[in-house]
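1. Take this sequence and fold it.
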Amino acid sequence: MYLHGKGAERDVGKASELLKLAAQNGSTLAYTDLFDVLWESDDESAEEEKVQIVEYLASVGEPEAQRLRGRMLRHGVGVEKDLEKAIECIRVAVDANVARALPDLCDILMDTGTEDAAKEMVSTATRYAELNEPWALNRLANARMVGIGTEKDVEEGLRLHMKAMEYGSAESARDFYDYADSIKDVKALEKAIGPLRRFAEHGDPDCMMRIGRMHWEGYCAPYDRAAGLEWMRAAASLRREYRQELGSLVGEETGAEARDERRPPANVYLCNSTEGRGCAHVQEEDRSEDPRAFHRSEE
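-> Residues are numbered from 1 along each chain as shown. Below is the predicted model of the structure:
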């Protein structure tokens, strides 16, 4: 409730306190959820706590520990970075049918940068995409968008992203929007806004930050700095990189100007949708010639 703002005001600190209490009472699920909160916050002071969580889960024979250890090895958090060891840990978790182990494996395989690893990732994602697994549809879409481990097919990649969104992938909502934004495709942007907002309302930090930027800049959404600030603060409460961006972006503008100013910027014309689904018509000189590379490492 407190973590996602469902039934109560969003309060990550309160959520963390409750998760710690549940963990102290023996809930292994609470340990895992607490690890995820600490991971998203990217707080360097919490690295030792993350290590302790993994060590505890391993001591009680919880296979989830292998997935979390693999994630730490992948990013060099609390331990020395080692992709080979990370893959070994994740494979153990996959064999134990640990939830989220398969998407983690696919992401690490992409990190290795080898052709064989990319093909294994595509093979794994294809198998589960046929079962309409959202994470698999997202990874396969990203691979098709850039032609890694498979033939490049942007249209097929976008189709897979649309399907992934239908099955609940916030990652595809983020990635589809980022691609449409990178090439300034108005029609694609209009398709992207609805799912992006829906996942933002369900608490996904990537989607919340993008909705916040849109309102802040008056881009594809009504220009409203108060709304933009609210969305960005919600995203920043969950992820360190967004706290840093918010501080850099907002600066001293969080006073009266941020609350009251709503004039649109000069370079866009806004559709006046009360739901923020209208899309800006971007000037031709803003068009990017470099589409975004879609594969994204976990933050």
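2. show me the contacts for L246.
-> Residues counted as contacts of L246 (C-beta atoms under 8 Å, 6 or more residues apart in numbering) are 232-233, 235-236. C-beta here means a position set from N, CA and C on the backbone, and glycine is covered the same way.
3. of all these, which comes closest to G157?
-> For the contacts of L246, the closest approach to G157 (C-beta to C-beta) belongs to A235, at 25.5 Å.
4. A136 is in contact with A125, isn't it?
-> Yes - A136 lies in contact with A125 (C-beta atoms under 8 Å); the separation is 4.6 Å.
5. Looking at the two, which one has more neighbours?
-> A125 (29 against 24; other C-beta atoms under 10 Å).
6. List the buried residues of the helix or strand where the more buried one lies.
-> Per DSSP states H and E: A125 is located in helix 115-129. Buried positions in helix 115-129, judged by neighbour count with 16 or more other C-beta atoms under 10 Å: 117-118, 120-122, 124-126, 128-129.
7. Nearest the geometric middle of the protein, what residue?
-> Central residue of the chain (C-alpha atoms, centre = their mean): D206, 4.6 Å from the mean position.
8. And the pLDDT for the closest residue to it other than its chain neighbours?
-> Counting by C-beta to C-beta, 6 or more residues apart in numbering, R174 is the residue found nearest to D206 once chain neighbours are left out, at 4.4 Å. Per-residue pLDDT puts R174 at 97.
9. Check the burial of R174 by counting its neighbours.
-> Neighbour count for R174, taken as other C-beta under 10 Å: 25.
10. Show me the shaky parts of the chain.
-> 1-13, 15-16, 42-43, 45, 252-299 (pLDDT under 70).
11. still on that earlier bit, need the residues touching each of A136 and A125.
-> Contact criterion C-beta under 8 Å, 6+ apart; residues shared by A136 and A125: C106.
12. for C89, what are its contacts?
-> Counted by C-beta under 8 Å, 6+ apart, C89 has contacts 66-67, 69-70, 73.
13. now L196
-> Residues in contact with L196 (C-beta under 8 Å, 6+ apart) are 173-174, 177, 207, 210-211.
14. And T28, by the same measure?
-> Contacts for T28 (C-beta under 8 Å, 6+ apart) come out as 57, 60, 62, 64.
15. Tell me how far the residue nearest to D206 lies from H161.
-> Using C-beta to C-beta, to the nearest Å, R174 is found at 10 Å from H161.
16. about what we covered before: okay but the residue nearest to the centre of the chain is in contact with S172, surely?
-> No - at 10.9 Å, D206 does not count as touching S172 under the criterion of C-beta under 8 Å.
17. so what sits against both of those two?
-> The overlap between the contact sets of D206 and S172 (C-beta under 8 Å, 6+ apart) is empty.
18. what about Q66, distance to R100?
-> Between Q66 and R100 the computed distance is 12 Å (C-beta to C-beta).
19. err, V60, not the other one
-> 19 Å.
20. do the same with L68
-> Here the criterion is C-beta to C-beta. By it, L68 lies 10 Å from R100.
21. So for the two, which sits in the more crowded spot?
-> Taking other C-beta under 10 Å, L68 and R100 do not tie; L68 has more neighbours (27 against 16).
22. who's in contact with that one?
-> 32, 35, 50, 53-54, 57.
23. pull the CA atoms of the strand or helix carrying it into CSV?
-> Assigned by DSSP H and E, L68 falls within helix 64-75. Only the C-alpha atoms of helix 64-75 are listed here, as CSV (Å, rounded to 0.1, in the frame of the first residue of the first chain):
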residue,chain,number,x,y,z
GLU,A,64,15.8,-16.5,-4.5
ALA,A,65,19.2,-15.7,-2.9
GLN,A,66,20.8,-16.9,-6.1
ARG,A,67,18.9,-14.5,-8.3
LEU,A,68,19.7,-11.6,-6.0
ARG,A,69,23.4,-12.6,-5.8
GLY,A,70,23.4,-12.8,-9.6
ARG,A,71,22.0,-9.3,-9.9
MET,A,72,24.7,-7.9,-7.5
LEU,A,73,27.4,-9.7,-9.4
ARG,A,74,26.1,-8.3,-12.7
HIS,A,75,26.3,-4.7,-11.5
